[in-house]
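1. 3D, please:
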Amino acid sequence: MKSLSVYIAAILSILFLGISSCSDTEQGALNPNVVIIFLDDAGYGDFRPFSTDGIETPHVQTLAEEGVMYTNFHVPQAVCSASRSALISGCYPGRTKVFGAHGPFGRGLETNFPTMGEIFKSAGYKTAIFGKWHCGDQPETRPHMRGFDESCGLMYSNDMWKHHPENPEYWGKHPIKFWKNGKVKIEDVDFEHQKQLTRWYTEHAVDFINRHRDEPFLLYVPHSMPHVPIFAGEAFEGKSGIGLYGDVTLELDWSVGQIDNALKENGIDERTIVIFTSDNGPWISYGNHAGKTPFREAKATSFDGGNRSACIIKYPRELKANTSNGKAFFSVDLLPTLCHLADITLPDTIVVDGKNVWELISGNEHAKNPHDYYPLSTSSNFEGIMSGDGKWKLHIPHTYRSLIEPGMDGQAGKYETKEIELSLFDMENDPMESKNVIEDYPEVAERMKQMAYAHKEKFYSE
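-> Numbering: from 1, shown residues only. So this is what the prediction gives:
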């Protein structure tokens, strides 16, 4: 009897191992999950390892150590709605006509441009957005109608409210609301609610991961912070030792850690693509309530201080950990690249400007960027192009705002208007855009100029 029991136990053990092995294989075969953490107005140098100044951000540091740090990542326009619509549609602002930052009841991204949520949902993914949408505030352009199964957050920037430091009467006409799954949950967001935003978005994200660990998902977490007005939760107030902006940064770093830990605890981090970046550079007008960038100018300009953002991508299944990548690519490339990785066919109903740049992202040293150029704009003004390889940037003549006096403690500073002539910058040797080399490289300048003005004629001639 004893030998029979041992025999049965051995058979059951083999069967169990077989079942377990099949389960592991099935899990490994699942399409990758996608998590995009999209900050608002974060500075390139706000988080380690992109800067060693300021406070420690251990969770972002860990994400970089387990993933790849991208030092040449850009957005096509350094303003909220334009940047976010470019990310989720893969299309340039000139094509979608989403410029600048829309306010309450703004139309946003037209419904004929499929969103990342719609595309992934149609492929069987569970989809969610927890955070600031800012891609449409009309019934058919809000996130629950644009492909996201679950959603919560604000429809536009958190400064568009009755406490606006410069124009409270105008912005106070329409109370800022907190939405959840297509319904208003808070009619008039105020100071105490703002302090909870980062925590609420994070808790919803972790809960979503826990509930959908056994099926592929797309999770988009576009934080409201550190866009002014800035607020930190009670647990982080005064903890950084360098002021409120540091406290807000600490809480955002905590959020990254919570999301990353949820993926690990559920055993799905190996097959999850995590992208951490910002919609644009810092809003330096707000001084000690704004981030820092080492590059020229900042938000709402087409200099790299505006359109270059820190970026980390972690994908243990495919990317070599603890590496750095200086190849240039833009946010419009993320949608087609993620679709490539998830084996999803892009809809043929609309032109997508972005391209699959996985060879660049994965570190293939022989990979070449498939774009001839990337266009740059501010509001509805086309201002120049960057070459696809990131080596050259051409500014056509335009005006831009330049800070002359920063504000303090939530008050805006003062700008002056400057002009730039037709200028060519060697971005490899002069990433600060300090020396116009148009006279030194006439052939490059002429080629870039032809592409720039052809793009302007096609998309900005109306």
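
2. make it CA atoms for all contacts and neighbour counts henceforth
-> Will do.

3. can you list the domain ranges for the chain.
-> For the chain, the structural domains run 31-371, 375-459, going by automatic domain parsing.

4. Hmm, G94 and A82 touching each other?
-> No: contact criterion Cα atoms under 8 Å: A82 and G94 do not qualify, at 9.4 Å.

5. So for the two, which residue has more residues nearby?
-> The neighbour comparison of A82 against G94 (other Cα atoms under 10 Å) goes to A82, with 32 against 24.

6. State the three-state secondary structure for the residue nearest to E56 when sequence neighbours are not counted.
-> In this structure, E56 finds its nearest non-sequential neighbour in R48, 6.6 Å apart by Cα to Cα, 6 or more residues apart in numbering. Judged by DSSP: H, G, I helix; E, B strand; the rest coil, the three-state class of R48 is coil.

7. what's the pLDDT at R48?
-> We have a pLDDT of 95 for R48.

8. Please tell me how far it sits from L63.
-> Taking Cα to Cα, to the nearest Å as the measure, R48 and L63 are separated by 10 Å.

9. now, of the domains of the chain, which is deepest in the fold?
-> domain 31-371 (a mean of 21; mean count of other Cα atoms under 10 Å).

10. chain center to that domain: distance?
-> 3 Å (Cα atoms, centre = their mean, to the nearest Å).

11. Over to that domain now: how far is its first residue from its last?
-> Start-to-end, domain 31-371 (Cα to Cα) is 27 Å.

12. Ends of stretch 261-279, what's the gap?
-> Rule used - Cα to Cα; the end-to-end distance of stretch 261-279 is 24 Å.

13. And the strands in the stretch 101-250 of the chain?
-> 126-130, 150-153, 178-180, 183-186, 217-222 (DSSP state E, counting those that start in this stretch).

14. And what about I385, helix, strand or coil?
-> Going by three-state DSSP: I385 is strand.

15. Sticking with the nearest residue to it once chain neighbours are set aside, tell me its helix or strand.
-> Distance criterion Cα to Cα, 6+ apart; nearest residue to I385, sequence neighbours excluded, is P375 at 4.4 Å. Per DSSP states H and E: P375 is located in strand 373-378.

16. So which elements touch that strand?
-> Here strand 373-378 touches strand 381-387, helix 442-459, going by 3 or more Cα pairs under 8 Å, 6 or more residues apart in numbering; DSSP states H and E.

17. The longest one to strand 381-387, inter-axis angle?
-> Direction vectors for helix 442-459 and strand 381-387, defined by axes from the mean of the first three to the mean of the last three Cα atoms, to 10 degrees, enclose an angle of 130 degrees.

18. what's helix 442-459 packed up against?
-> Short answer (3+ Cα pairs under 8 Å, 6+ apart): helix 442-459 packs on strand 373-378, strand 381-387, strand 392-395.

19. try it again with 7 Å
-> The contact analysis (3 or more Cα pairs under 7 Å, 6 or more residues apart in numbering; DSSP states H and E) places helix 442-459 against strand 381-387.

20. Sheet partners, orientation included, of the strand it packs on?
-> strand 373-378 (antiparallel), strand 392-395 (antiparallel) (DSSP bridges).

21. Mean pLDDT and distance to F295 for the ones you listed - can I get that in a markdown table?
-> Output for the strands paired with strand 381-387, formatted as a markdown table (pLDDT from 0 to 100; distance: least, Cα to Cα, whole Å):
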| stretch | mean pLDDT | distance to F295 |
| --- | --- | --- |
| strand 373-378 | 98 | 16 |
| strand 392-395 | 98 | 14 |
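
22. Turn those into TSV, columns for distance to V189.
-> Converted to TSV, those look like this (distance: least, Cα to Cα, whole Å):
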stretch	distance to V189
strand 373-378	29
strand 392-395	40
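
23. which one of these lies closest to R271?
-> R271 lies closest to strand 373-378 among the strands paired with strand 381-387, at 30.4 Å (Cα to Cα).

24. which residues sit against that closest one?
-> The contact list for strand 373-378, computed with Cα atoms under 7 Å, 6 or more residues apart in numbering, reads 76-78, 300-302, 382-388.

25. Likewise for stretch 97-114?
-> By Cα under 7 Å, 6+ apart, stretch 97-114 touches 79-82, 85, 89, 93, 96, 135-138, 141, 156, 350, 379-380.

26. pLDDT averaged over that stretch, what's the number?
-> 97.

27. Please shift the residue numbers so they start at 278 in all later answers.
-> All set: I'll call the first residue 278, so the last point we hit is now stretch 374-391.

28. Any idea how far apart the tips of that stretch sit?
-> By Cα to Cα, one end of stretch 374-391 lies 14 Å from the other end.

29. and if you look at stretch 334-354?
-> 27 Å.

30. repeat for stretch 338-351
-> 20 Å.

31. now do stretch 394-414
-> 16 Å.

32. Repeat that for stretch 398-406.
-> 12 Å.

33. Need the residues that contact that stretch.
-> Against stretch 398-406 from outside (Cα under 7 Å, 6+ apart): 394, 424-429, 493-498, 621.

34. for the residues you listed, which one is nearest Y692?
-> Among the contacts of stretch 398-406, and counting by Cα to Cα, the member closest to Y692 is V498, at 31.4 Å.

35. Let's see the pLDDT reported for that closest one.
-> On the pLDDT scale, V498 gets 99.

36. ditto for G331
-> 79.

37. Is it part of a helix or strand, or is it coil?
-> Applying three-state DSSP: G331 is coil.

38. ok, now how distant is it from G320?
-> 12 Å.

39. Over to V505?
-> 13 Å.

40. Quick check: which ranges of the stretch 628-739 of the chain have low pLDDT?
-> 739 (pLDDT under 70).
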